[in-house]
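Visitor: Sequence first, predicted coordinates after that:
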Amino acid sequence: MNYSELYENKKRGTFDFPIELYYVDSASARYHMPLHWHLEYELILVLKGSFELSLDGKSYMMNAGNCAWIGDGVVHGGIPHDCVYECVVFDLGTLLHDTPVCSRSAAEFLADENGYTGIFEAGSKQAELADKIFESMEKEQKGYEWTTVGLMWQLMGSLINTKAKNISLSKNRRQIIRLKNVLTYIRNNYENPITLAELADVAGMVPRYFCRAFSDMTGKTPIEYLNYYRIESAGERLLLTDESITDIALGCGFNDMSYFSKTFSRYKGMSPSIYRKNHIK
């Protein structure tokens, strides 16, 4: 199996500074965070409100000031509640490549099964360091790359010291990988007709057990999640393109405009046309 096809494959930052910053509020095209995974690490800081974070099928509520460190390969996503949050996604392997100092510790850190995944309270050393990392990335003052990487090293050291407090992730890695296949399949094919039997086949599971496993991880049935992903994609295209609503509906897998409008209103609380009007300044 070619696992390189199963994850979110997106270049982060630049070749020599592989870190990307995202600021997300209710006006952002991708306000909700659909479940996904990637080989990079991710740092999330909640600035306002609360954020319901899902990690390998388990939900955790984050409040303002809380931060989360998410290891590579962990399936994650989130539902914001009147929330403003920031994310930094970075290729830690590249940052640590050929590092002459602490090379053994760096190798051990990268080899950790859960990537030191954890959620840390506001006021903790980890949250304070995360806030400084985001501040450095936002201001981009001269030398900020050095500052950011230095703070990252400090954060990694603090994570090692508090390993006992880390999140205990699912040990059923085989099932998680099967469900990763499904998430990737939905992302790559959501514009086409997709059946439950088709998704179960991608997972290599009997439909009955597939539905149960998928619901345990996402909190939604496979078809509910498919519609959710389609609506999130439609919302993004409404804000970032000049396509007509009909073309967006068709391009997101909806052949019935009435059903698209009803489903969109159920998830977004308003019609597609009002959503576009309210969010484009």
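Guide: Ah, there it is. Predicted model only: the values in this text are computed from it and were never measured.

Visitor: Give the helix, strand or coil label for Ala106.
Guide: helix (DSSP: H, G, I helix; E, B strand; the rest coil).

Visitor: For the stretch 101-250 of the chain, just list every one of the strands.
Guide: Secondary structure of the stretch 101-250 of the chain (DSSP state E, counting those that start in this stretch): strands at 118-120.

Visitor: For Val88, give me the pLDDT.
Guide: According to the prediction, Val88 has pLDDT 93.

Visitor: So Ser86 lies in a strand, does it not?
Guide: Not Ser; residue 86 is Glu. Yes: assignment of Glu86 by three-state DSSP places it within a strand.

Visitor: what secondary structure does the spatially most central residue of the chain sit in?
Guide: By CA atoms, centre = their mean, the chain has its centre lying nearest to Gly77, at 4.4 Å. Secondary structure, three-state DSSP: Gly77 is strand.

Visitor: confidence score at it?
Guide: pLDDT, Gly77: 94.

Visitor: That one and His38 touch, don't they?
Guide: No: distance between Gly77 and His38: 11.9 Å, which falls outside the contact criterion (CB atoms under 8 Å). (Each C-beta comes from the backbone N, C-alpha and C, glycine too.)

Visitor: Okay, buried residues for stretch 141-158 please.
Guide: 145, 147-149, 151-156, 158 (16 or more other CB atoms under 10 Å).

Visitor: one step back: and for the residue nearest to the centre of the chain, nearest residue in space, chain neighbours not counted?
Guide: Take Gly77 and drop its neighbours on the chain: the residue closest to it by CB to CB, 6 or more residues apart in numbering is Leu35, 3.7 Å away.

Visitor: The one you found in helix, strand or coil?
Guide: Leu35 ends up strand, using three-state DSSP.

Visitor: And for it, the neighbour number?
Guide: 24 (other CB atoms under 10 Å).

Visitor: just checking, it touches Pro222?
Guide: No: counting by CB under 8 Å, Pro222 is not a contact partner of Leu35; they are 11.9 Å apart.

Visitor: how about the helices in the stretch 151-281 of the chain?
Guide: For the stretch 151-281 of the chain, the helices defined by DSSP state H, counting those that start in this stretch occupy 173-189, 196-203, 207-218, 222-240, 245-251, 257-268, 272-279.

Visitor: Next up, the contacts around the residue nearest to the centre of the chain.
Guide: 32-36, 53-54, 218 (CB atoms under 8 Å, 6 or more residues apart in numbering).

Visitor: where's it relative to Glu145, distance?
Guide: According to CB to CB, to the nearest Å, Gly77 stands 29 Å off from Glu145.

Visitor: Next: Trp153.
Guide: Distance from Trp153 to Glu145, by CB to CB: 13 Å.

Visitor: show me what contacts the residue nearest to Gly77?
Guide: For Leu35, the contact set (CB under 8 Å, 6+ apart) comprises 54, 75-77, 183, 217-218, 225.

Visitor: Could you dump these into TSV with distance to Val88 added?
Guide: Shown next, in TSV, are the contacts of Leu35 (distance: CB to CB, whole Å):
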residue	distance to Val88
Ser54	19
Val75	19
His76	14
Gly77	17
Leu183	22
Met217	25
Thr218	24
Tyr225	26
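
Visitor: May I ask which two of those residues are separated the most?
Guide: Using CB to CB, those span at most 14.5 Å, a distance reached by His76 and Tyr225.

Visitor: Assess the claim that Glu138 and Leu45 are in contact.
Guide: No: taking contacts as CB under 8 Å, Glu138 lies outside contact range of Leu45: 11.1 Å.

Visitor: Of the two, which one has the most company?
Guide: Leu45 (23 against 12).

Visitor: Now the more buried one, what are its backbone angles?
Guide: Main-chain dihedrals, Leu45, degrees, to the nearest 10: phi -130, psi 120.

Visitor: Need the per-residue pLDDT for it.
Guide: pLDDT at Leu45 comes out at 97.

Visitor: now the one 3 residues further on
Guide: What the model reports for Lys48 is a pLDDT of 97.

Visitor: residues touching it, list them.
Guide: If you count contacts by CB under 8 Å, 6+ apart, then Lys48 has 64, 82-85 around it.

Visitor: So among these, which ones count as buried?
Guide: Using 16+ other CB under 10 Å as the burial test, the contacts of Lys48 include 83-85 as buried.

Visitor: Specify which member of those is nearest to Gly115.
Guide: Using CB to CB, Tyr85 is the member of those that sits closest to Gly115, with 19.7 Å.

Visitor: Cool, thanks, signing off.
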